[in-house]
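Student: sequence unknown, structure follows:
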């Protein structure tokens, strides 16, 4: 997906939030905004938003002197999500359609995203996830919630690449990875994380903290962007993507990076900005499972 | 009020909205954003947001070739507001405290603001204004809704300058101007409009279209900014401000321009952004009548 003009104001507000998160003082925050301003005329609108995010977050890291401004947020997200993990497991165990419930839980976890959605109250969000009747899940819409394609894809697959998105969210992904392992034991599952810290995106450290590495193989995509941008991933990961029978891509960043790639991807995401809503098209807040 | 760092992302989204409103094509919209980017490092954070808005909207006008991109929106706003005017009059006539009701109606009209609030559905908003029980009005809070200072100020005043804010909203202002005329017939009322079109702010044309000029004297502040910025108003208007016994200032833009000026101002506004909410301090959506 290309960068839209509407992404530009959003880059500035994301950057300001990240600069504060990185401990920048007022003057450094202004410097971040000024340097991004100088960058804007050079951004390619043919690149995807996560591609353009790379030089933006590089500016923040340089000015703040931090390589991982969201470390604390990621730790808190993992902890908060882990505290509800047993409840999530019980929900799947008692569900009439455990795979469907696991998919819904995995998509629910996609609300934990400090890129698109900076005002989240983690505890409240997780309670919402657990309480809600998932009104926005398009179970009735094959187009926006294509669970049958997922079932068919899994039934035929031997190798699955599951591209993670955010810290915290990874705990919700464990629910789906477990369900797939249970119902499709033949499938080799590779859970992919970012190549280095960017925003609150999931890295190898989060996969270890949350025990994802106990459930399946964990690999680095090599991407330094908040999305598995094909031009930015490692050659090894590119190879994995190309030979995978099915790819599960979580979240907006991966959707922005990979939609239109021609790979056998199912995108699982919550719609958190107007631009993605328009691009899919869907409504803000929707739970989507789309090709 | 100084410009906050959070105003910078907002300048970009306002500009993109205005560029589209002005009929700019995609390429021109990008040019607008690029030129504003070049401007950002030169913006003074010690200037108020409406001061900084002037060069921004100048860029949009130059690139679009339009001197009044919001002309149509202003016309629609005036019409929509005028269609409910008789109902507003009846509400004041049947109110137990007509001045209070007129003040609340005038503040309600401040939702018609395409600077801070671009997603408004005018008809829906006006219906909300008429339906609501004004839960957010701080009638009980002397600090945020200081009606007694307004009454005392009016009782002692001979000359009032009422600084208007937006088209459409001016019709709601007529309700308050009428009430003041009725209950304080000794007061000379001067209703001030912007010096030239900027966003959907009120100009002489709107005062004539809506008949405000039949109720009281209408003057131009001379300000080309979306706020009566002291450095930008005409010397004649500055003199009017300095000799006024009481000044009613409508909306966020005038609040940003004039808060801290030391003039005998009562600010009537709805809180439409986090920065203003923090500055007052109040909550988003609040109806304020403050010194």
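Tutor: Nice, I can see it. All values derive from a computational prediction rather than experimental measurement. Numbering: from 1, shown residues only, chains lettered A, B, ... in the order given.

Student: where exactly do the strands run in the stretch 151-291 of chain A?
Tutor: Residue ranges of the strands in the stretch 151-291 of chain A, as given by DSSP state E, counting those that start in this stretch, are A:159-163, A:188-193, A:217-220, A:246-250, A:265-270, A:287-290.

Student: Please work out which of these is packed deepest.
Tutor: Greatest average neighbour count among these goes to strand A:246-250 (a mean of 27), per mean count of other Cβ atoms under 10 Å in any protein chain shown. Every residue, glycine included, has its C-beta placed from N, CA and C.

Student: Report the strands that pair with that strand, each with its relative direction.
Tutor: strand A:159-163 (parallel), strand A:265-270 (parallel) (DSSP bridges).

Student: Now render the ones you listed as CSV, adding mean pLDDT.
Tutor: As requested, the strands paired with strand A:246-250 are arranged in CSV below (pLDDT from 0 to 100):
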stretch, mean pLDDT
strand A:159-163, 98
strand A:265-270, 96
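
Student: how about those in CSV, adding distance to residue B:100?
Tutor: Output for these, formatted as CSV (distance: least, Cβ to Cβ, whole Å):
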stretch, distance to residue B:100
strand A:159-163, 59
strand A:265-270, 44
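
Student: Out of those, which is closest to residue A:240?
Tutor: Closest of these to residue A:240 is strand A:159-163, at 5.6 Å (criterion: Cβ to Cβ).

Student: After the strand or helix carrying residue A:8, heading C-terminal, what element do we hit next?
Tutor: Taking DSSP states H and E as the definition, one finds residue A:8 inside helix A:7-21. Using DSSP H and E, the helix or strand that follows helix A:7-21 towards the C-terminus is helix A:26-39.

Student: by contact count, what packs against that next one?
Tutor: helix A:7-21, helix A:49-64, helix B:26-39 (3 or more Cβ pairs under 8 Å, 6 or more residues apart in numbering or on different chains; DSSP states H and E).

Student: What distance do you get for the residue nearest to the spatial centre of chain A to residue A:200?
Tutor: Central residue of chain A (Cα atoms, centre = their mean): residue A:165, 2.4 Å from the mean position. Using Cβ to Cβ, to the nearest Å, residue A:165 is found at 9 Å from residue A:200.

Student: Kindly report the same for residue A:218.
Tutor: 18 Å.

Student: and if you look at residue A:82?
Tutor: 15 Å.

Student: Next: residue A:24.
Tutor: Per Cβ to Cβ, residue A:24 is found 17 Å from residue A:200.

Student: The two: which is more packed in?
Tutor: Just comparing residue A:24 and residue A:200: by other Cβ atoms under 10 Å in any protein chain shown the higher neighbour count belongs to residue A:200, 28 against 21.

Student: hang on, isn't the more buried one packed against residue A:75?
Tutor: No: using Cβ atoms under 8 Å, residue A:200 is not in contact with residue A:75; the gap is 10.0 Å.

Student: could you point out which element follows the longest helix along chain A?
Tutor: As assigned by DSSP state H, the longest helix anywhere in chain A is helix A:71-93. Next along the chain after helix A:71-93, taking DSSP H and E as the criterion, comes helix A:98-108.

Student: and the angle from that following helix to strand A:246-250?
Tutor: 40 degrees (axes from the mean of the first three to the mean of the last three Cα atoms, to 10 degrees).

Student: Now do helix A:98-108: everything it contacts.
Tutor: A:88, A:91-92, A:95, A:129, A:132, A:134, A:137, A:139, A:147, A:150-151, A:172-173, A:175-176, A:178-180, A:182-183, A:250, A:268-270, A:287-289 (Cβ atoms under 8 Å, 6 or more residues apart in numbering or on different chains).

Student: Going through these, which ones are buried?
Tutor: Among the contacts of helix A:98-108, the ones that count as buried by 16 or more other Cβ atoms under 10 Å in any protein chain shown are A:88, A:91-92, A:129, A:137, A:147, A:150, A:172-173, A:175-176, A:178-180, A:250, A:268-270, A:287-289.

Student: Give me the contacts around stretch A:82-92.
Tutor: Contacts of stretch A:82-92 (Cβ under 8 Å, 6+ apart): A:98, A:101-102, A:105, A:126, A:130, A:171-172, A:174-175, A:178-179, A:210.

Student: Just give me the least confident of those residues.
Tutor: pLDDT across the contacts of stretch A:82-92 is lowest for residue A:130, at 60.

Student: Can you list the low-confidence ranges for chain A?
Tutor: A:113-140 (pLDDT under 70).

Student: Residue A:236 contacts residue A:222, correct?
Tutor: Yes: Residue A:236 lies in contact with residue A:222 (Cβ under 8 Å); the separation is 7.4 Å.

Student: which one of those two has more residues nearby?
Tutor: Using other Cβ under 10 Å as the criterion, residue A:236 and residue A:222 rank with residue A:222 on top: 18 against 11.
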